[in-house]
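> my questions are about this predicted structure, shown below with the sequence.
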Amino acid sequence: MTPERTKFQIGRDTPKEEVIEMITLFAEREGYRVTPDERTLSIVVKGLLKNVEKYGVPLCPCRPKEISGDLLQDEKLICPCVYLNNEIQMQGACRCRLFVNLEYYRETANFLKEINRL
């Protein structure tokens, strides 16, 4: 038997700040980081909220072609999706770049600092 996977409980009226808090708490608990790129964070949260509005659940916004509209089939895409751990292990970040490992976080934060100096 596999352990129950965490899925965010986001409703149509959940404020963006509360979604970010859920994401941050999950990342901390799992040993990940939330992207330091505020623009990416904002876009992904907006996509999650849009999918809650459209499908009733926070489906991963970076996999729109995989969404069927059938909740049973799409359950694996509810954020955090089933691909998260493998993607972070393989590339340092999930496909949305919402959740990242420490190395990816540091590289992105340093890159953003350099860009902001220009």
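Looks like it arrived, so ask away. Numbers count the residues shown, from 1 in each chain.
> so what's the residue nearest the centre of the chain closest to, chain neighbours aside?
When CA atoms, centre = their mean is applied to the chain, the residue found nearest the centroid is Leu98 (4.3 Å). Spatial nearest neighbour of Leu98, excluding adjacent residues (CB to CB, 6 or more residues apart in numbering): Val44 at 4.6 Å. Yep, even glycine has a C-beta here, placed from its N, CA and C like the rest.
> check contacts around the one you found.
61-62, 96-98 (CB atoms under 8 Å, 6 or more residues apart in numbering).
> just the ones of the residues you listed in helices?
Members of the contacts of Val44 lying in helices (criterion: DSSP state H): none.
> for the residues you listed, which one is nearest Gly69?
Among those, Pro61 lies closest to Gly69 (CB to CB), at 14.8 Å.
> so in the chain, which helix runs the longest?
For the chain, the helix with the greatest residue count under DSSP H is helix 38-55.
> got the buried residues for that one?
40-41, 43-45, 47-49, 51-52, 55 (16 or more other CB atoms under 10 Å).
> show me where pLDDT drops low in the protein?
Low-confidence segments of the chain (pLDDT under 70): 1-4.
> OK, contacts around the closest residue to Ile43 other than its chain neighbours?
Computed as CB to CB, 6+ apart, the closest residue to Ile43 that is not its neighbour in sequence is Pro61, at 7.9 Å. Counting by CB under 8 Å, 6+ apart, Pro61 touches 43-44, 46-48, 50-51, 96.
> swap in Pro64?
Applying CB under 8 Å, 6+ apart, no residues contact Pro64.
> quick check: it vs Arg29, distance?
27 Å (CB to CB, to the nearest Å).
> and what of Ile88?
14 Å.
> who has more neighbours, those two?
Ile88 (19 against 9; other CB atoms under 10 Å).
> where's whatever helix or strand the more buried one lives in relative to the chain centroid, distance-wise?
Per DSSP states H and E, Ile88 falls inside helix 84-91. Averaging C-alpha positions (CA atoms, centre = their mean, to the nearest Å) puts helix 84-91 12 Å from its chain's average.
> I am finished for the moment; much appreciated.
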